[in-house]
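Asker: Prediction below, plus the sequence it came from.
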2 protein chains.
Amino acid sequence: MVATDIATRVWNHTFKLDPIVRSLLDTDFYKLLMLQMIWGLHRDRRVTFRLINRTKSVRIADEIDEGELRAQLDHARTVRFSKREMIWLAGNTFYGERQIFRPAFLEWLTDFQLPPYELSHRDGQYELMFRGAWTDTMMWEIPALAIINELRSRSAMKDCGRFELDVLYARAKAKMWEKVERLDKLPSIRISDFGTRRRHSFLWQRWCVEALKEKLGNRFIGSSNVLLAMETDLEAIGTNAHELPMVAAALARTEEALRAAPYEILKEWQSWYGGNLLVVLPDTFGTGAFLKNAPTWVGDWTGFRPDSAPPIEGGEAIIAWWRSLGIDPREKLLVFSDGMDVDTIEETYRHFEGRVRMSFGWGTNLTNDFRGVAPDERPSLHPISLVCKVMDADGRPAVKLSDNPAKATGTAAEIERYRRVFGTAAEIPRAVAV
Amino acid sequence: MVATDIATRVWNHTFKLDPIVRSLLDTDFYKLLMLQMIWGLHRDRRVTFRLINRTKSVRIADEIDEGELRAQLDHARTVRFSKREMIWLAGNTFYGERQIFRPAFLEWLTDFQLPPYELSHRDGQYELMFRGAWTDTMMWEIPALAIINELRSRSAMKDCGRFELDVLYARAKAKMWEKVERLDKLPSIRISDFGTRRRHSFLWQRWCVEALKEKLGNRFIGSSNVLLAMETDLEAIGTNAHELPMVAAALARTEEALRAAPYEILKEWQSWYGGNLLVVLPDTFGTGAFLKNAPTWVGDWTGFRPDSAPPIEGGEAIIAWWRSLGIDPREKLLVFSDGMDVDTIEETYRHFEGRVRMSFGWGTNLTNDFRGVAPDERPSLHPISLVCKVMDADGRPAVKLSDNPAKATGTAAEIERYRRVFGTAAEIPRAVAV
């Protein structure tokens, strides 16, 4: 009566490695957009990325095996863009624009390989570093995070029985669906998946993405994950990230140049991209400072992505700034993406409804919310605040201040200097969950 | 990346009928035990079974299509015992006894086929009747009920999307597992699956049985479903049912014979079976009357299955009766099987712990508890109180009184006569849920 797929069964029982990253498209779309610009304008920059676990209480090196981590990282280094993937990148329309990727860039991408990594551990934490050309090292951020997060969840589930696992995923699905049913009550919500880096697993992210697609229809506007966008016929979503102003600032030789760096990099961006890709990420050195010093042409950009201020305060500050320039916020876009979950999405949606265009990037609380679903309440299934950040650029230390000092990165002396230059008026300390 | 099993996919999209009953072993074990005795002692009796929907508010004939119902019933009539099934029946040890089924009976069973059925409908209810030899008609009870109940749940889910279905089962699994985790806290519980007739579906019953097996280990003592017992290597559980005293009583020509009928049929039973199969079902014409008139040899039987009295009251009455005969209840067994769910199981377990041996037959609330799991609260997924009962034997009307008058079956005049003969002192009206 039971038809066993023998090939599947044998495969499941004999594999040596179950790769977490099987495609270079299994990354966030903004990485590719930024990569093209870096390839065009900053091909010789040397940038170091470094893993930082902000959840110090979790000793990752005790949870996951170094051999397994190396095997996954090594496997990721063997992956290349496939022909089909290259064709999709070349032929697809992104944000309504054809051929956003230039033929010479795609040509260069064909041979792309993730560069070597440096791995050691200290005090229960892994020290994971990527040194080399910016074009190479920046591509490690997402796969490195996804690998460590998925190894954590695999390790957390190692001792589960067959039915415990079935029930664990059953509960996770039920929990996730309840959230989607709540979102479904917001008639004009626009939401996308931003959950690649801290996902529970690739298959779980895919389930979440397909569930959102079925339930919310075109109110689910897409996924930041390029592979999932391709496979499930969704829009790839994303624009730019903190690494651009961080590197630009690190390279500034004077305080004046440092203060101008966040805007100079936006100028570079708009020489490459237009329309809906013109989304400002204002919080790298504090949203308050950014708005205070911003040239008026920034008001021409499509919108802002407040990423570390509380969404309502951050959004109000940006709206007030638009208004001060005589701009109608209803023609502008706010993208909320910092640790959002259904409560804050509902609250933010209702707060700004009708006053500004909005979209939500739903990340960790979409793809890794397994709190309360395990047979026991195992903390090893809880997401942690793990990031992979620029440490230095051409040998000069890099800094991020953010609107939340708990998210600041860089040496103490450099953070101090940046605070002096940019000011700290708008900083709002908050606990960082994810 | 996605490996599609083409054969499975084609199969899923082209089948004409997805049979609900695919094996004659997909029935309750007590049916086979009773069948052997009926084959041995009552081969020429003509007994009519009839479907009764006690949940009048549910109009089954509006919910499920007559054509589909006929197709399923017709398919069940094409099924025969397979060679492998016959070998398992012949070679297995049941209740610790080898070769419980006699070779001549198994020989006869080889050619067994479900007899014709009569189907019509009136007032939104199906009239489904099985007339013929007792040996044939009695075998329809379980498959007929399972078919109608599964057709109801299929119909209830017809308009569900792919992910709605996935979430529906995810929620059902989560709900079921919470119950199992509560049962797991009862260290010496003995529980079995009695949920075939009113199951949501065969596959769901199998999931429940395998989940219980994994979580409770040998505290899950088996399944009444013979096919599942065979496939999952569990004990087949069950002894005898109301149809035996009902037919015996219907055939009684005098009031004295009627009063003696429930004991005469037990005498027949113990001429065929022994040990743990000697379990009395005392409530057919009221437990109070049964105990009051019971000969002392009934005290030698292994135990009782109170099936319509509230478990604690029913159990206490039986314990008091054992004590009145000088029997130590701790050597005796009570099997609780009437509409049990975790609350009543816990309560009953704690009440009788240490005072009597106990086991629980968990039925509808195990295999068909989908309340609260559908996207909307659709009543069509709720179980109903559907039974298939003896209507007459050799042309004489049959009656069941039970400890709960809401469960009485038979004509009003006959019920009146039985009440006069057996008395109604112990009747306790209760709402019948399942």
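Answerer: Great, that's in hand.
Asker: alpha carbons only for contacts and neighbour counts from here, please
Answerer: OK.
Asker: Which helix or strand contains whichever residue of chain A sits closest to chain B?
Answerer: Using C-alpha to the nearest C-alpha, the single residue of chain A nearest to chain B is residue A:170, 3.8 Å away. Here residue A:170 sits within helix A:162-183, counting by DSSP states H and E.
Asker: That helix - what's its average pLDDT?
Answerer: Taken as a whole, helix A:162-183 has a mean pLDDT of 92.
Asker: For that helix, which residues meet the burial criterion?
Answerer: Neighbour counts using 16 or more other C-alpha atoms under 10 Å in any protein chain shown place A:163-177, A:180, A:183 of helix A:162-183 among the buried residues.
Asker: about what we covered before: might you report the residue contacts of the residue of chain A closest to chain B?
Answerer: Residues near residue A:170 by C-alpha atoms under 8 Å, 6 or more residues apart in numbering or on different chains: B:167, B:169-171, B:173-174.
Asker: if we can go back for a sec, distance from the chain centre to the helix holding residue A:170, please.
Answerer: 24 Å (C-alpha atoms, centre = their mean, to the nearest Å).
Asker: so that helix versus helix B:162-183, what angle?
Answerer: Angle between the axes of helix A:162-183 and helix B:162-183 is 130 degrees (criterion: axes from the mean of the first three to the mean of the last three C-alpha atoms, to 10 degrees).
Asker: since we're on the closest residue to residue A:116 other than its chain neighbours, how many residues are nearby?
Answerer: Spatially, and ignoring its direct neighbours in sequence, residue A:116 is nearest to residue A:130 (6.9 Å; C-alpha to C-alpha, 6 or more residues apart in numbering or on different chains). For residue A:130, the neighbour count with other C-alpha atoms under 10 Å in any protein chain shown is 27.
Asker: got a list of what residue A:130 touches?
Answerer: A:48-50, A:115-118, A:137, A:140.
Asker: Now, those that are in helices?
Answerer: residue A:137 (DSSP state H).
Asker: now the contacts of residue A:130: which count as buried?
Answerer: By neighbour count, with 16+ other C-alpha under 10 Å, the contacts of residue A:130 hold A:48-50, A:115-117, A:137, A:140 as buried.
Asker: which one of these sits closest to residue B:404?
Answerer: The nearest member of the buried ones among the contacts of residue A:130 to residue B:404, counting by C-alpha to C-alpha, is residue A:140 at 70.2 Å.
Asker: neighbours around the nearest residue to that closest one once chain neighbours are set aside, how many?
Answerer: In space, and not counting its chain neighbours, residue A:140 is closest to residue A:114: 6.6 Å by C-alpha to C-alpha, 6+ apart. Neighbours of residue A:114 under the rule other C-alpha under 10 Å: 21.
Asker: Run through the residues that contact residue A:114.
Answerer: The contact partners of residue A:114, taken as C-alpha under 8 Å, 6+ apart, are A:76-77, A:136-137, A:139-140.
Asker: Redo the residues you listed as a markdown table? Include pLDDT and distance to residue A:241.
Answerer: Below are those laid out as a markdown table (pLDDT from 0 to 100; distance: C-alpha to C-alpha, whole Å):
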| residue | pLDDT | distance to residue A:241 |
| --- | --- | --- |
| A:76 | 98 | 22 |
| A:77 | 98 | 23 |
| A:136 | 98 | 16 |
| A:137 | 98 | 15 |
| A:139 | 98 | 13 |
| A:140 | 98 | 14 |
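Asker: Which of those residues sits closest to residue A:374?
Answerer: Using C-alpha to C-alpha, the contacts of residue A:114 come closest to residue A:374 at residue A:76, 29.3 Å.
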